[in-house]
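**Student:** Here you go, sequence then predicted model.
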Amino acid sequence: MNATTYVTQAVDKHSAKVTDLGDRLLWVVALLALIALVYWLMWRAWRKRAARQSDLPELPRIPDNLGEPLAELSGRYHASTTAGDWLDRIAARGLGTRSLVELTLTEQGVAVRRPAATDFFIPAEALRGARLDKGIAGKVVPEGGLLVITWQHGDRLIDSGFRSEHPAEHPEWVTALSNLNTTKEGAR
């Protein structure tokens, strides 16, 4: 083939038809409407879940005088679920809101300070245990990467999941919570 053949072939070919701008805009608008509908349905389901759980009492406030800290932890609060069912997230009273967290353990209980959500307090009498786990309501981490505190609130047993900035601190917390629980049970 010579150069003339290449030029002839290039002239004979036509570029692909350009799609109509109106059709493209219609597809984009339809896609955006679908995305908005999905988000609205998720928001509505979350509100219904919170309404179903509205019988949950108000969360205890952090006392003014906590006493001497036994342990402290900085990290993330992931969720609270019905104890034993790691997928049944509790949405009521702000317990479903993920946020940064500062935990402080004292003789009185656990102070949960969350800058992006409602702070709450877990009284020592309400503590039922602590363990290391790998998942809670939409968050899965390596084995032992999650500190789960089980506590009683009203007539509901709750698991709350926390992940420290330094997961090596988790076993210390499990031990400290177990010791506090044993001390409180011995005092009864």
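**Tutor:** Great, that's in hand.
**Student:** Go through stretch 127-145 and flag the buried ones.
**Tutor:** Of all the residues in stretch 127-145, those buried under the rule 16 or more other C-beta atoms under 10 Å are L127, A130, D133, G135, I136, A137, K139, G145. For glycine as for every other residue, the C-beta is placed from the backbone atoms N, C-alpha and C.
**Student:** export it as CSV, just CAs?
**Tutor:** This file holds the C-alpha atoms of stretch 127-145, laid out as CSV (Å, rounded to 0.1, in the frame of the first residue of the first chain):
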residue,chain,number,x,y,z
LEU,A,127,-21.8,-3.0,83.0
ARG,A,128,-22.3,-6.7,82.1
GLY,A,129,-18.9,-7.4,80.4
ALA,A,130,-16.4,-6.6,77.8
ARG,A,131,-14.7,-8.5,75.0
LEU,A,132,-12.6,-8.3,72.0
ASP,A,133,-14.4,-8.9,68.7
LYS,A,134,-14.0,-8.4,65.0
GLY,A,135,-17.3,-6.9,63.9
ILE,A,136,-20.3,-4.8,64.9
ALA,A,137,-23.1,-3.4,62.6
GLY,A,138,-21.3,-2.6,59.4
LYS,A,139,-17.8,-2.5,60.8
VAL,A,140,-15.5,-5.5,60.4
VAL,A,141,-11.8,-5.3,61.6
PRO,A,142,-9.1,-7.9,62.2
GLU,A,143,-9.7,-10.3,65.0
GLY,A,144,-9.6,-8.5,68.4
GLY,A,145,-9.6,-5.1,66.7
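**Student:** Let me see the ranges of the strands in this protein.
**Tutor:** Taking DSSP state E, the strands of the chain run over residues 71-82, 99-106, 109-113, 120-123, 127-133, 135-136, 139-140, 146-153, 156-164.
**Student:** for the third one, packing partners?
**Tutor:** Helices and strands touching strand 109-113, by 3 or more C-beta pairs under 8 Å, 6 or more residues apart in numbering; DSSP states H and E, are strand 99-106, strand 120-123.
**Student:** Tell me which strands the shortest one pairs with, and in which orientation.
**Tutor:** Within its sheet, strand 120-123 is paired with strand 109-113 (antiparallel), according to DSSP bridges.
**Student:** how much distance is there from the partner strand to the middle of the chain?
**Tutor:** 17 Å (C-alpha atoms, centre = their mean, to the nearest Å).
**Student:** again with stretch 24-44
**Tutor:** Chain-centre distance of stretch 24-44: 25 Å, with C-alpha atoms, centre = their mean.
**Student:** where does the chain have its least confident helix or strand?
**Tutor:** Here the helix or strand of the chain ranked lowest by mean pLDDT, DSSP states H and E is helix 3-12, holding a mean of 55.
**Student:** tell me the pLDDT at the residue nearest to the spatial centre of the chain?
**Tutor:** Geometric centre of the chain, nearest residue: H78, 3.1 Å, by C-alpha atoms, centre = their mean. Looking at H78, its pLDDT is 90.
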